[in-house]
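J.: Give me coordinates for this.
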Amino acid sequence: MSLKSSERKSGNLVLPGERLGVIEEFIPDSGTYVKDGIIYSKLVGRALMDLISKR
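T.: Now for the predicted structure:
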């Protein structure tokens with residue numbers, strides 16, 4: 001079962017290539033890449049999303 005980016009909680013384990021969100025909502029940071037406006041994980045780890053700074 002896949003969660004939508006709006007349902008995903010900060011701190012969840014992510015794998016390389018996993019969709020994290022869209023550039024209209026977040027600013028891509030280290031450990032991510034963007035393809036067609038969608039932000040993906042580059043690394044295995046925990047996705048930390050700062051809803052205040054949109055990172």
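J.: check contacts around the residue positioned nearest the centre of the chain.
T.: Taking C-alpha atoms, centre = their mean, the centroid of the chain lies closest to Leu20, which sits 2.4 Å from it. Contacts for Leu20 (C-beta atoms under 8 Å, 6 or more residues apart in numbering) come out as Ser5, Arg8, Val14, Phe26, Thr32, Ile39, Tyr40, Ser41, Ala47, Met49. Yep, even glycine has a C-beta here, placed from its N, CA and C like the rest.
J.: Can you flag the buried ones in those?
T.: Arg8, Val14, Phe26, Thr32, Ile39, Tyr40, Ser41, Ala47, Met49 (16 or more other C-beta atoms under 10 Å).
J.: Wait, the second one touches Leu48, no?
T.: No - contact status for Val14 versus Leu48: not in contact, 10.1 Å apart, counting by C-beta atoms under 8 Å.
J.: is it true that Asp29 touches Lys54?
T.: No - taking contacts as C-beta under 8 Å, Asp29 lies outside contact range of Lys54: 10.0 Å.
J.: got the contact list for the closest residue to Met49 other than its chain neighbours?
T.: Excluding the flanking residues, the one nearest Met49 by C-beta to C-beta, 6 or more residues apart in numbering is Ser10, at 4.3 Å. Shown in contact with Ser10 (C-beta under 8 Å, 6+ apart): Ala47, Leu48, Met49, Asp50, Leu51.
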